[in-house]
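Novice: Need the 3D shape of this:
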Amino acid sequence: MKDPAISIQDLYVSYYGNEAVKGVSLSVNTGNLVGIIGPNGAGKSTFLKAMLNLIPKDKGDVKVMGRTIKEVRKNIAYVPQRNDIDWDFPITVLDAVLIGTYPHLKLFRRPKKKDKEWAIECLQRVGMEEFSKRQIGELSGGQQQRVFLARALAQKADLFFLDEPFVGVDVSSEETIVKILKELCRQGKTVIVVHHDLSKANDYFNQLILLNKELISFGTVEEVFKPEVIAKAYKGQFAFMNEIGVSL
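Specialist: Numbering: from 1, shown residues only. The predicted structure is shown next:
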């Protein structure tokens, strides 16, 4: 039997003695587009970073395709939140995307012509090839996010993790990004996205992880996106629930 794309057992994470993620266990099968949703302060980004060993966990076990993160790091692409990136760094759009090819280069080897051609192809896929010589800080929020998705595509990964990719992004860029993520899943890739806008969860994902420090629910959108289930995470936020069209 094929190993799940991601398997998490009893994951705990804390900041300064305060538990941010408590006892989460779940498995995600290959080829799914999964949204991590929950209220502000629910630990969504913390959960994502702990899965990837980007921050320390108190305890718990995470396996990707049956192996440790360290063993399969080359097969994992990560797009951080935009506010975690130094947009003043003197790097062009093309060079930023080329970084995605580095995990597959031999030690001390620089990208070759075929790597640059692949990077340009990835920029074309996200509609950003004409900006290849721009400094990344000169781009709009949506353009920047497209570039970092192109960098992830350049890595030829099997799993893609995106942390709040639609924050500060224009509608056109958001639509482009969602289209590409869905295409990746059709190709057998697995995509995990931290997402805050519940009104679009039903259109974007086929599975949801609903968190509020603890795992509230995990399953298909139809299973999770029910008023009585959502209400368990968004305790008392009835005005918010009505705004997104979830009646209680």
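
Novice: and Ile230, how many neighbours?
Specialist: Other residues near Ile230 come to 25 when the count uses other CB atoms under 10 Å. Glycine gets a C-beta too; all of them are placed from N, C-alpha and C.

Novice: Per-residue pLDDT of it, please?
Specialist: In this model, Ile230 is scored at 92, pLDDT.

Novice: what's the answer for Val167, then?
Specialist: Model confidence at Val167, given as pLDDT, is 89.

Novice: Can you tell me the SS state at it?
Specialist: Look at Val167: counting by DSSP: H, G, I helix; E, B strand; the rest coil, its state is coil.

Novice: Quick check: closest non-adjacent residue to it.
Specialist: Spatial nearest neighbour of Val167, excluding adjacent residues (CB to CB, 6 or more residues apart in numbering): Arg82 at 6.6 Å.

Novice: Identify the residue nearest the geometric centre of this protein.
Specialist: Of all residues in the chain, the one closest to the mean position by CA atoms, centre = their mean is Leu162, 1.7 Å from it.

Novice: For that one, which residues count as its bridge partners?
Specialist: Beta-bridge partners recorded for Leu162 (DSSP bridges): Val79, Val193.

Novice: I'd like the numbering to begin with 383 instead of 1 from here.
Specialist: I'll keep to 383 as the first residue from here, and by that count the last item is Leu544.

Novice: ok, now which ones touch it?
Specialist: Tyr460, Val461, Leu531, Ala534, Leu563, Val573, Ile574, Val575, Val576 (CB atoms under 8 Å, 6 or more residues apart in numbering).

Novice: Narrow these to those that are buried.
Specialist: Neighbour counting over those (16 or more other CB atoms under 10 Å) leaves Tyr460, Val461, Leu531, Ala534, Leu563, Val573, Ile574, Val575, Val576 as the buried ones.

Novice: Glu556 and Gly524 touch, don't they?
Specialist: Yes: Glu556 is within contact range of Gly524, at 7.2 Å (criterion: CB atoms under 8 Å).

Novice: Same drill for the two, tell me which one is more crowded.
Specialist: For Glu556 versus Gly524, neighbours defined as other CB under 10 Å are more numerous around Gly524 (20 against 17).

Novice: before we move on, which element is that one in?
Specialist: Per DSSP states H and E: Gly524 is located in helix 523-536.

Novice: what's that helix packed up against?
Specialist: strand 458-461, helix 475-480, helix 495-507, strand 541-545, helix 553-568 (3 or more CB pairs under 8 Å, 6 or more residues apart in numbering; DSSP states H and E).

Novice: got the angle for it vs helix 495-507?
Specialist: On the basis of axes from the mean of the first three to the mean of the last three CA atoms, to 10 degrees, helix 523-536 is oriented at 140 degrees to helix 495-507.

Novice: Nice, that's everything, thank you.
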